[in-house]
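*Asks:* could you look at this predicted model? Sequence included:
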Amino acid sequence: MKIMITGGTGQLGSELIRQLRSGRSVLGPVPAEYAGAEILAPGRAALDIGDGPAAENFLREAAPDLVFHCACMTNVDGCEDVPEQAMALNGEAVAAVARACEAVGAKLVFISTDYVFNGEKRSPYREDEPCAPRTVYGRAKLLGEQNALELCSRTIVVRTAWLYGFHGKNFVKTILRKAREGGPLQVVDDQFGNPTNAEDLAWHLLRLAATERFGVYHCTGKGVCSWFEFAQEIVRAAGLDCPVRPCSSAEYPQKAKRPAYSALSHEALAAAVGDEMRPWREALRDYIKRLEDEI
């Protein structure tokens, strides 16, 4: 089997590579069909997803059996500054990847986001609920979803949220750094979602990709919290003595309006491969315990 991972140096891409090479995660072994797989993780110099024709040709020539499309523009506020670029990279470029996958008969796993929803609910969003993104980032990722599903018949779209992993920057690392500097910290307490450990997500992606169950899935850590509660738990789990104080979103304005509530439910995931995502506090504490060894 030949597996291509775009964005292979990011939080999720690097975790997928690690699990494919080791054959397991803390949640258990990866599916046996991945044993001995050839892993392709081209860098930007080799595969520029912003150049649609070149990217499509590259994938056609590589002819992978499975593509995890993790590469995207992740700076939510930055997307507001350059909307055309964001739509091109996160939405339109996916069409080239999807066409190439369809041409060579590859499965496509496209990583999407909770930002495709408007955040007005007060209960977790199901996979089949209407999307109504309020940010450029959300609109671009929704376009990516649509292109992937329309142009590749073997597509799995997985929405996730509040992701943290061992490689690259993330909220957990930022809070740990600032807490070690002494704080105090101010964190918004009126935005709610699901913190997600990249290790848990990657393991479930590998299990989904081993099936023929194509469609849309949600995969996040179990349980809902605010960013403030998330930060409190990070500091507590690390054993740091740093005050964490709540504030409102109005006190911390950002260019892109964050969803007030974007928790996701996992009905489709549970039906397809089982939902073994850990409760977010458990996954976070394991991550912090192992962080220094993994970096």
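*Replies:* Ah, there it is.

*Asks:* which residues are in contact with the residue nearest to Cys152 when sequence neighbours are not counted?
*Replies:* Among residues not flanking Cys152 along the chain, Ala98 sits closest, at 4.0 Å (C-beta to C-beta, 6 or more residues apart in numbering). To be clear about C-beta, it is placed using only N, CA and C from the backbone, and glycine gets the same treatment. If you count contacts by C-beta atoms under 8 Å, 6 or more residues apart in numbering, Ala98 has them with Leu108, Phe110, Asn147, Ala148, Glu150, Leu151, Cys152, Thr155.

*Asks:* using PDB, write out every CA atom in the helix or strand containing Ala98.
*Replies:* Ala98 belongs to helix 93-104 when assigned by DSSP states H and E. Extracted C-alpha coordinates of helix 93-104, given in PDB (Å, rounded to 0.1, in the frame of the first residue of the first chain):
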ATOM      1  CA  ALA A  93      -7.100  23.300  -4.100                       C
ATOM      2  CA  VAL A  94      -8.900  20.400  -2.700                       C
ATOM      3  CA  ALA A  95     -10.600  19.900  -6.100                       C
ATOM      4  CA  ALA A  96      -7.200  19.100  -7.700                       C
ATOM      5  CA  VAL A  97      -6.400  16.600  -4.900                       C
ATOM      6  CA  ALA A  98      -9.900  15.000  -5.300                       C
ATOM      7  CA  ARG A  99      -9.700  14.700  -9.000                       C
ATOM      8  CA  ALA A 100      -6.300  13.000  -8.800                       C
ATOM      9  CA  CYS A 101      -7.500  10.600  -6.200                       C
ATOM     10  CA  GLU A 102     -10.500   9.700  -8.400                       C
ATOM     11  CA  ALA A 103      -8.300   9.200 -11.400                       C
ATOM     12  CA  VAL A 104      -6.000   6.700  -9.700                       C
END
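
*Asks:* tell me which helix or strand comes right after that helix.
*Replies:* strand 107-113.

*Asks:* now do that next one against helix 93-104, angle only.
*Replies:* Put simply, strand 107-113 runs at 160 degrees to helix 93-104, going by axes from the mean of the first three to the mean of the last three C-alpha atoms, to 10 degrees.

*Asks:* mind giving me the packing neighbours of strand 107-113?
*Replies:* If contacts are counted by 3 or more C-beta pairs under 8 Å, 6 or more residues apart in numbering; DSSP states H and E, strand 107-113 sits against strand 66-69, helix 93-104, helix 136-151, strand 155-160, helix 198-209.

*Asks:* low-confidence stretches in the protein?
*Replies:* Low-confidence segments of the chain (pLDDT under 70): 293-295.

*Asks:* picking that back up, out of the helices and strands packed on strand 107-113, nearest to Leu59?
*Replies:* Each of the helices and strands packed on strand 107-113 has some distance to Leu59 by C-beta to C-beta; the shortest is helix 93-104, at 3.5 Å.

*Asks:* list the buried ones in the closest one?
*Replies:* Across helix 93-104, burial judged by 16 or more other C-beta atoms under 10 Å covers Ala93, Val94, Ala95, Ala96, Val97, Ala98, Arg99, Ala100, Cys101, Val104.

*Asks:* tell me which of these is nearest to Gly8?
*Replies:* Gly8 lies nearest to Val97 out of those, by C-beta to C-beta, at 14.2 Å.

*Asks:* for that closest one, what are its contacts?
*Replies:* Applying C-beta under 8 Å, 6+ apart to Val97 gives the contacts Thr6, Ile49, Ala55, Glu56, Leu59, Val67, His69, Leu108, Ala148.

*Asks:* now the helix or strand harbouring the third one and helix 93-104, what's the angle there?
*Replies:* The one in question is Ala55. Using DSSP H and E, Ala55 sits within helix 52-62. Interaxial angle of helix 52-62 relative to helix 93-104 (the same axes, to 10 degrees): 30 degrees.
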